[in-house]
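In: Fold the following, please.
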Amino acid sequence: VAEVTCPAGAPAATRAIGPCAALVDRLASEDHLPTEADVAERRRSDHPRREEFEALLHDVSAPCAPPESSATWSCARRVDVATLAQRDPRAYGIQPNETDSARRNFATVDTTYVAQIAAVPRFTETGFAKMTFTDALRRLLVPWYAEHTANNASSSSLRRHEPIPGGFTNVDRVPIDKLDLDRFPGVRLQVVREMQAVLEWWTGVPLRSTATFGVRVYRRGSVLVDHVDRVDTHLASAVLQIAQTVDAPDGGWPLELLLPHRRIVEVYAQPGEIILYEGAWLRHGRPMRFRGDEFANVFSHFAPLDWTGPLKTTPGAPPPVPGSADDRYGGIPSDRRTTIADDGILTSDHFVRAKEDGEDSGGAGGGHKGPPGASSPRGSPQLAGVSAVSAAKDEL
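Out: Numbering: from 1, shown residues only. Just a heads-up that it's a prediction; the model follows:
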């Protein structure tokens, strides 16, 4: 084989003669044509800014230190289910006085848009990463935000944020502000271009920009429940931390990630840092109630150039098998639906209710299965209160 084309998403076995001779030459010693994973890895290694981006990448296995000083943390903290059970329900989730629906009382996880989770392929091994701003982003965003939000600036561009659809936030009861990137198209375009370069390096996939917006400026008491993003447009995403004023010493406001095998990760970022994540399948949010005065984010979303939706195939062809080499991009792991949300842990008062239910039934331990009126995911085991925390396997 002298040449094959390598369009993202095309089955390796049907790649036609085209412009990827260099890639095939490198793989000539292997006994197969390049898979999606092979092509993605080569794109990462050949990216013209690979060394720059790799130098900016953070070690997410590093410990969060010093203890109880999250206001200054820049790290990824692992949280087990036993620790989750000790959370104060009043410090997490939508509070009863912030909703007219009993189903949203203490909600920390959205249960509406979940079918896509088992049908969206991955692009990276972990689904998330963390890095420092590139020099271009730092020079652009830091002075721009300061100029347009200064308290004494008569021309401050901050405005009250409009309602956010989806029911993922409490913005209707806890207002937030916005420095609208759409009013600064030159700034927005530069952010899009820089983040496209970063995310194409990270995923190894050619991407198209689908949405870049903000700056959202969250205020004290804000909540963003764990959720997944739009499956048509938000497959490779980034949240850029622009500025923050949080309570010392322990007012850090992490991005919470619900990973398979009941693993929970809290990602803490400081101004000038970026969290990369695959938001169409990875539940993410900030269910901890914000303790501070200002928390400013820009959001940037992308999708593969050839993305047409989860598990789409040619007419008459069987769907790819999740987790197989024939699947698109990085495939769909078989453990995708093994998060704490799949165990029915959907509210901040889950363990309190479970304990009360167990006591009311004489210790039988029926357990609370989620918000009042909510049904549990089909086939999901349930954790019956704090005493059953040990039943969760492979917590981290």
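
In: Could you list the single helix or strand in the protein with the lowest mean pLDDT?
Out: For the chain, the helix or strand with the lowest mean confidence is helix 21-26, at a mean of 52 (criterion: mean pLDDT, DSSP states H and E).

In: any idea how far S348 is from A150?
Out: Applying C-beta to C-beta, to the nearest Å, the value for S348 to A150 is 36 Å. (Glycine included, C-beta is placed from N, CA and C.)

In: Over to H284?
Out: 31 Å.

In: Which residue of these two possesses the greater neighbour count?
Out: The neighbour comparison of H284 against A150 (other C-beta atoms under 10 Å) goes to H284, with 24 against 12.

In: Tell me the pLDDT of the more buried one.
Out: The model reports H284 with a pLDDT of 98.

In: Use 563 as the first number for this chain going forward.
Out: Yes, from this point I'll number from 563; that puts the last item at H846.

In: Quick check: bridge partners of it?
Out: Taking DSSP bridges, one finds H789, L819 as the beta-bridge partners of H846.

In: Count the neighbours of D744 for me.
Out: Neighbour count for D744, taken as other C-beta under 10 Å: 10.

In: mind listing what it touches?
Out: With contact taken as C-beta atoms under 8 Å, 6 or more residues apart in numbering, D744 is in contact with R750, F775.

In: Could you confirm it falls within a helix?
Out: Yes: counting by DSSP: H, G, I helix; E, B strand; the rest coil, D744 falls inside a helix.

In: Let me know whether W635 touches V829 as I believe.
Out: No: at 9.6 Å, W635 does not count as touching V829 under the criterion of C-beta atoms under 8 Å.

In: Output the below-cut-off pLDDT ranges for the stretch 563-712 of the chain.
Out: Within the stretch 563-712 of the chain, the segments meeting pLDDT under 70 span 563-595.

In: can you map out the helices along it?
Out: Taking DSSP state H, counting those that start in this stretch, the helices of the stretch 563-712 of the chain run over residues 583-588, 598-608, 612-618, 643-646, 697-711.

In: Next, format these as a markdown table and append distance to A805 and mean neighbour count.
Out: Output for the helices of the stretch 563-712 of the chain, formatted as a markdown table (distance: least, C-beta to C-beta, whole Å; neighbours: other C-beta atoms under 10 Å):
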| stretch | distance to A805 | mean neighbour count |
| --- | --- | --- |
| helix 583-588 | 42 | 14 |
| helix 598-608 | 31 | 17 |
| helix 612-618 | 19 | 13 |
| helix 643-646 | 29 | 18 |
| helix 697-711 | 6 | 16 |
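
In: Adding distance to I902, write those helices out as TSV.
Out: Converted to TSV, the helices of the stretch 563-712 of the chain look like this (distance: least, C-beta to C-beta, whole Å):
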stretch	distance to I902
helix 583-588	40
helix 598-608	28
helix 612-618	31
helix 643-646	7
helix 697-711	33
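
In: nearest to I894, of these?
Out: Nearest to I894, of all those, is helix 598-608, at 12.1 Å by C-beta to C-beta.

In: Please name every helix or strand in contact with that closest one.
Out: If you count contacts as 3 or more C-beta pairs under 8 Å, 6 or more residues apart in numbering; DSSP states H and E, helix 598-608 packs onto helix 583-588, helix 747-765.

In: What residues of whichever helix or strand comes after the last one count as buried?
Out: Just to be clear, that refers to helix 747-765. For helix 747-765, the succeeding helix or strand toward the C-terminus, using DSSP states H and E, is strand 769-780. Across strand 769-780, burial judged by 16 or more other C-beta atoms under 10 Å covers L769, S771, T772, T774, F775, G776, V777, R778, V779, Y780.

In: Find the nearest non-adjacent residue to the last one, please.
Out: Take Y780 and drop its neighbours on the chain: the residue closest to it by C-beta to C-beta, 6 or more residues apart in numbering is F857, 4.2 Å away.

In: how would you label that neighbour: helix, strand or coil?
Out: Using three-state DSSP, the secondary structure recorded for F857 is strand.

In: same question, the one 3 residues further on
Out: The three-state label for V860, taken from three-state DSSP, comes out as strand.

In: List the residues that contact it.
Out: Here V860 is in contact with L703, L743, V753, T774, F775, G776, V777, R778, V801, L802, I804 (criterion: C-beta under 8 Å, 6+ apart).

In: which residues touch the nearest residue to the first one once chain neighbours are set aside?
Out: Spelled out, that is L703. Leaving aside its chain neighbours, L703 sits nearest to I804 (5.8 Å; criterion: C-beta to C-beta, 6+ apart). The neighbours of I804, taking C-beta under 8 Å, 6+ apart as the test, are L703, V704, Y707, G776, V777, P833, A858, N859, V860.
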